[in-house]
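Undergrad: Compute the structure for the input listed below.
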Amino acid sequence: MVLGVLVLAQLPQLVSTYVVQLCISIYANVALATAWAFFSGTTRYISLATAAFFGIGIYALAILNAYLPLPLALTGAAVAGFLVALIVGLSTLRLRGVYFVVFTFGLTELIHQVVNWWSIKNRAVTRYIFTDASRVQIYEMLLAIALFAIAASWYVSRTRLGYALRAIGEDETVARHTGIDTTLVKVLCFAASAAVMALVGAVLTLQYPYVDASIAFNNTWSFEILIAALLGGPGRPWGPAVGAIPLVLLKDLLVGSLYFTIALGLCFVAVVYVLPGGVAPLIERWYRTFDAATLRQVLRIGRRPDSWGWPYRLKLGVKAGMARFNGLWRR
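TA: Coordinates of the predicted model:
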């Protein structure tokens, strides 16, 4: 794992600018999807406010960058997302089901219109961003944020806070009766998730010369991240990354085409009807079954003469694992 991180860190020195830009998009989507799943995937409070916090990070950076060094401006963007989510969470996390979904969707549009009105009033519709951040620096920052989001999600899932989040998702009333402060857990995790989204928006904006409200608060982000997390599997810390990577590659392949929107719809249908838990549980089942079947086959064939050789044993083990996997799939 450490070797893989080191390879990814050195990748900009080995590949073209196009690949670096593609990796920037992948890391941004992985971090956003992981942050979304950290709260919504466990508590089952389906949020469509990703674009709202993403845009808050963009505008916070655009404003603070004129007065503060870049590290402080990025920190301020994350804090701005955290504080807004804290206020919103305290007032709205009592809603559940479709009411919470509708509110979070409307929140993005509300903030969009407020920022637009404020920008027009102050004759600052377009915000220019003046930084000396290179593409490699943006790549490294987004890689660090994506790895941090996955590692933090994995760590929290094994703590009391992670168990509390899952208890809220299973039955919030029972969780409250067992002594969990559900309001505190929900609000803090919602705000932490929003802080990561705002930070990703701030870092991703460094590659653009200017932003406006339409770019910052684009609801497309909310739906793409939702589908990526559900496709990969929000129940695993690494699941959202599995869903985000192919969607980014598909978007790059079909950029500017109506087919990408159709592909998103098909992915959503596949999640609902074919893979309700996402791809991650299927990968885990396949890995465990393949590993066990391979081991049994190798041990069984190992009693035969050495003339069979390890390549033949491995080949039969792979066949046994794939046969078992196909049986699970048909179920």
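Undergrad: how about stretch 284-291 as PDB, C-alpha atoms only?
TA: Below are the C-alpha coordinates for stretch 284-291, written out as PDB (Å, rounded to 0.1, in the frame of the first residue of the first chain):
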ATOM      1  CA  GLU A 284     -15.300  -8.900  -1.300                       C
ATOM      2  CA  ARG A 285     -17.400 -12.100  -1.900                       C
ATOM      3  CA  TRP A 286     -15.500 -12.900  -5.100                       C
ATOM      4  CA  TYR A 287     -12.100 -12.300  -3.400                       C
ATOM      5  CA  ARG A 288     -12.900 -14.500  -0.400                       C
ATOM      6  CA  THR A 289     -14.500 -17.300  -2.500                       C
ATOM      7  CA  PHE A 290     -11.600 -17.200  -5.100                       C
ATOM      8  CA  ASP A 291      -9.000 -17.300  -2.300                       C
END
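Undergrad: Could you give the separation of it from the chain centroid?
TA: For stretch 284-291, the separation from the chain centroid amounts to 24 Å (computed by C-alpha atoms, centre = their mean, to the nearest Å).
Undergrad: where does residue 302 land on pLDDT?
TA: Residue 302 is assigned a predicted lDDT (pLDDT) of 49.
Undergrad: cool, and residue 328?
TA: Per-residue confidence (pLDDT) for residue 328: 47.
Undergrad: now the one 3 residues further on
TA: According to the model's per-residue confidence, residue 331 sits at a pLDDT of 49.
Undergrad: for residue 294, same thing?
TA: pLDDT, read off for residue 294, is 61.
Undergrad: same check, this time on residue 134
TA: 87.
Undergrad: What about it, how many residues nearby?
TA: Residue 134 is flanked by 12 other residues according to other C-beta atoms under 10 Å. C-beta here means a position set from N, CA and C on the backbone, and glycine is covered the same way.
Undergrad: Over to residue 10?
TA: Other residues close to residue 10 by other C-beta under 10 Å number 10.
Undergrad: now swap in the one 10 residues further on and tell me
TA: Residues contacting residue 20 under the criterion other C-beta under 10 Å number 17.
Undergrad: what comes up buried for the helix or strand encompassing it?
TA: Here residue 20 sits within helix 17-36, counting by DSSP states H and E. Across helix 17-36, burial judged by 16 or more other C-beta atoms under 10 Å covers 20, 23-36.
Undergrad: other SSEs contacting it?
TA: helix 50-64, helix 135-157, helix 182-205, helix 220-232, helix 239-253 (3 or more C-beta pairs under 8 Å, 6 or more residues apart in numbering; DSSP states H and E).
Undergrad: moving C-terminal of the last one, what's the next helix or strand?
TA: Secondary structure here is assigned by DSSP H and E; on that basis, the next helix or strand after helix 239-253 toward the C-terminus is helix 259-273.
Undergrad: Next: the second one.
TA: Next in sequence after helix 135-157, counting helices and strands by DSSP H and E, comes helix 160-170.
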